Structures are given as structure tokens and as C-alpha cells.
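> Prediction below, plus the sequence it came from.
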Amino acid sequence: AAGVIQSPRHLIKEKRETATLKCYPIPRHDTVYWYQQGPGQDPQFLISFYEKMQSDKGSIPDRFSAQQFSDYHSELNMSSLELGDSALYFCASSLRTGGNGYTFGSGTRLTVV
Amino acid sequence: AQTVTQSQPEMSVQEAETVTLSCTYDTSENNYYLFWYKQPPSRQMILVIRQEAYKQQNATENRFSVNFQKAAKSFSLKISDSQLGDTAMYFCACISNFGNEKLTFGTGTRLTIIP
């Protein structure tokens, strides 16, 4: 079965640079979520989209932005990167009700040096 | 909004034994879902088991089962006949069936299966 695809798997950036993370949800899933997981921490919700519109916003810095495109893939744009942005970034998708849980991608490991 | 609490940061058990991971939650919603996710060293988040709050019967998936106590807002995970591959971080999570509510995670329990 198709899964949630995230790219790239690993990314190394320098401070103050910009990074773009991509997510391709499971076909027919209408909702995409982005989570950030720091070392030894639980995943923290950043932002979600339903039918290409932002549906909820969590602890996402102003330096970050995201969108969902007409083909339902989503991109997380991160500017002015800081060392503290180093983390694992998960994308997940689900149907609107969420009752079946999310399906997570394999994550993008971002390292800021 | 909901909160999820896991009070056991780390646990270890001998292979083939049974282990129970604890989770309590709080939500103001009547309809909600509870989940256990497993995160092995590969860091992939894998859904282990789900429970619908309106169902009294405890969910079971092979060696994994839950003890869902709605009144006490408790949702523990039991792993029977534990295997080395069960070594992972386990997160309890909750979502309300009210639109696109975000999945709220507990802080996780690191489970180590000892050969």
C-alpha cells in the first residue's frame, strides 16, 4: 500500500539558510500534518491542512511557513535556520475524522550547523 | 484540547515476558480516539493499536492489547510474549472526533527488551 512520502530523508543546512521539506500524503487522504520532534522529545504539532487550506496551527515559528498544493502534496519552508531547528520533521496524513489515526512518513532529519 | 500523560520514562523486560505501559489522558470531548504508536531506532512512527472511546471492548492486535478505563481516563498497553523487535519508544496519543483535531502525544516510554 502507498505510504506517506517525505523528501529529503536527510538535510544539512548552515545557520541562516533556508530549507524546504516536501510531503506526499496517501492518495485520497484529505488532511496533512507537520510535526517536529527534537532529540529525546515527543512530536510537537506545527501545522495542518485540510483540502489545501490551513486548518490548525501549533507551535510553528514565524520563520516557518507551509502550504498544501492542488495535488495535495505539502511543503514546509523554513527560513533563517537556527541551530535549535535541528530535529526530525514528520509529515502525516489522514482522512478528516482522524479516527483511523495518522499515517506518518519516515521523516526528514534536518541538521543545522 | 486534550492532554496525554505517560509516567514511565523507561522500562525494561526480559524477552518473552509481558509488559504493561501506562497512559492517562484528559479531554473535554465525548467522542475521541486513543492510539499507541511505536518509534523504533529507525525513528519511523508506527501505529500499534487504536481504541474508539465509545467502544467498551478493549482493542487487541496480536500480542498487543489495551486496557481502556474510560471513567478513569486510563489507556494502558500490554505487550505479551515480548520480542527483541519490540524495543522502541512508545507514545500514547489522543485525538477527538471533531474535525481536524491534531494528534496529541504523551512524552513517551522507552521500552527495552532484554535478550
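Yep, it's here.
> Can you name every helix or strand that the lowest-mean-pLDDT helix or strand in chain A contacts?
The weakest-scoring helix or strand in chain A, judged by mean pLDDT, DSSP states H and E, is strand A:53-57 (a mean of 89). The contact analysis (3 or more Cβ pairs under 8 Å, 6 or more residues apart in numbering or on different chains; DSSP states H and E) places strand A:53-57 against strand A:44-50. For the C-beta atoms, the positions are set from N, CA and C on the backbone; glycine is no exception.
> Show me which residues of chain A are close to chain B?
A:31, A:33, A:37, A:41-43, A:45, A:48, A:50, A:55-56, A:58, A:88, A:90, A:92, A:96-104, A:106-107, A:109 (Cβ under 8 Å from any Cβ of the partner chain).
> Can you tell me which of those are classed as buried?
Burial by neighbour count, 16 or more other Cβ atoms under 10 Å in any protein chain shown: within these this picks out A:31, A:33, A:37, A:42-43, A:45, A:48, A:50, A:55-56, A:88, A:90, A:92, A:97-99, A:101-104, A:106-107, A:109.
> Spatially, which residue comes closest to the most centrally placed residue in chain A, not counting chain neighbours?
By Cα atoms, centre = their mean, chain A has its centre lying nearest to A:W34, at 3.3 Å. Excluding its sequence neighbours, the residue lying closest to A:W34 (Cβ to Cβ, 6 or more residues apart in numbering or on different chains) is A:L46, at 4.3 Å.
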